[in-house]
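Enquirer: need a structure here:
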Amino acid sequence: MASAPASVSHAPAAPVPPIGLREKHKRRTRAAIRAAAMELFDANGYAQTTVAQIAEAADVSHTTFFRYFQSKEQVVISDDLDDEWQAVLEAIPPGLGRFDLLRAMVRGLVELVLADDWASDPASMKLIQSEPALLLVNQIESDRAISEAADFIADYLGVERDNPRLRVFIAAVGGMMFHIANGTEDVRDGRFLETLLEAIDLLEQGLPL
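Expert: Purely as a prediction, here's the structure:
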């Protein structure tokens, strides 16, 4: 996720307000830019496609493109789930142990991804895996998301962020999730969440063979 989790709140999440006209317009514009970009990437190749070409195909100005995306890489890497992810974190009940907390976070995240056409689009992951520049940005974004999740977990569990045991726990969990996500061609195949939860069970059991 792109935004850092807020401090832990164990109160029930407030209802999400209806999407206003301005937000609907923003989402339509972002979707149009993404659709135009993916068509150009498919036709001409990722490296050969320019921001100017994407903007023209999406019928927006060069300036408008950069209001919605910081770079060509972010067209592919970013999603629009920050607010929904924040609501998932805020709705997690208090008192869970670290593995049940992790399960709640993973279930919530996967549900968000599966409900979003762009976030669950296998074409974007296939493109990321085939382009070194996108792989690099995806790794950076993944590292940042793991760090933000670690902040939330530390806050929730009431432990110091630099606790060595927490750091090992986060490293193991983050590496596992990154490996499974990168090895999944289509998260909509029905096995993605099950595979993640099975891996969490193995971690909790001490990695039995």
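
Enquirer: how far away from the center of its chain is stretch 195-209?
Expert: Relative to its chain's centre, stretch 195-209 lies at 22 Å (Cα atoms, centre = their mean, to the nearest Å).

Enquirer: what does stretch 26-46 give?
Expert: The offset between the C-alpha centroid of stretch 26-46 and the centroid of the whole chain comes to 19 Å, using Cα atoms, centre = their mean.

Enquirer: what does that stretch rub up against?
Expert: With contact meaning Cβ atoms under 8 Å, 6 or more residues apart in numbering, stretch 26-46 is reached by 19, 49, 53-55, 57-60, 64-65, 68-69, 72, 75-76, 80, 118, 123-124, 127, 130-131, 133-134. (Each C-beta comes from the backbone N, C-alpha and C, glycine too.)

Enquirer: packing partners for the lengthiest helix in the chain?
Expert: In the chain, assigned by DSSP state H, the helix with the most residues is helix 132-157. On a contact count with 3 or more Cβ pairs under 8 Å, 6 or more residues apart in numbering; DSSP states H and E, helix 132-157 meets helix 72-77, helix 98-115, helix 122-130, helix 164-182.

Enquirer: how far out from the middle of the chain is that helix?
Expert: Distance of helix 132-157 from the chain centroid (Cα atoms, centre = their mean) equals 9 Å.

Enquirer: so which bits of it are buried?
Expert: Counting neighbours by 16 or more other Cβ atoms under 10 Å, one finds that the buried residues in helix 132-157 are 134, 137-138, 141-142, 145-146, 148-154, 156.

Enquirer: pLDDT below threshold where in the chain?
Expert: When the per-residue scores of the chain are filtered using pLDDT under 70, the ranges that remain are 1-19.

Enquirer: returning to what we had before: list buried residues within the contacts of stretch 26-46.
Expert: Neighbour-count burial (16+ other Cβ under 10 Å) applied to those gives 49, 54-55, 57-58, 60, 65, 68-69, 72, 75-76, 80, 118, 124, 127, 131, 134.

Enquirer: ok, back up a step: any idea which of the buried residues of helix 132-157 is closest to Leu112?
Expert: The shortest approach to Leu112 among the buried residues of helix 132-157 belongs to Ala145, at 12.8 Å (Cβ to Cβ).

Enquirer: isn't Ala199 up against Gly174?
Expert: No - with the criterion set as Cβ atoms under 8 Å, Ala199 and Gly174 do not qualify as a contacting pair; they are 11.8 Å apart.

Enquirer: hang on, the earlier thing: report the angle between the longest helix of the chain and helix 98-115.
Expert: 140 degrees (axes from the mean of the first three to the mean of the last three Cα atoms, to 10 degrees).

Enquirer: list the contacts for Phe66?
Expert: Phe66 makes contact with Val51 under the criterion Cβ under 8 Å, 6+ apart.

Enquirer: what of the one 10 residues further on?
Expert: Shown here is Val76, whose contacts under the criterion Cβ under 8 Å, 6+ apart are Ala37, Ser124, Leu127, Ile128, Leu134.

Enquirer: recalculate using a threshold of 10 Å.
Expert: When the contact criterion is Cβ atoms under 10 Å, 6 or more residues apart in numbering, the partners of Val76 are 34, 37-38, 41, 46, 69, 118, 121, 123-125, 127-128, 131, 133-134, 137-138.
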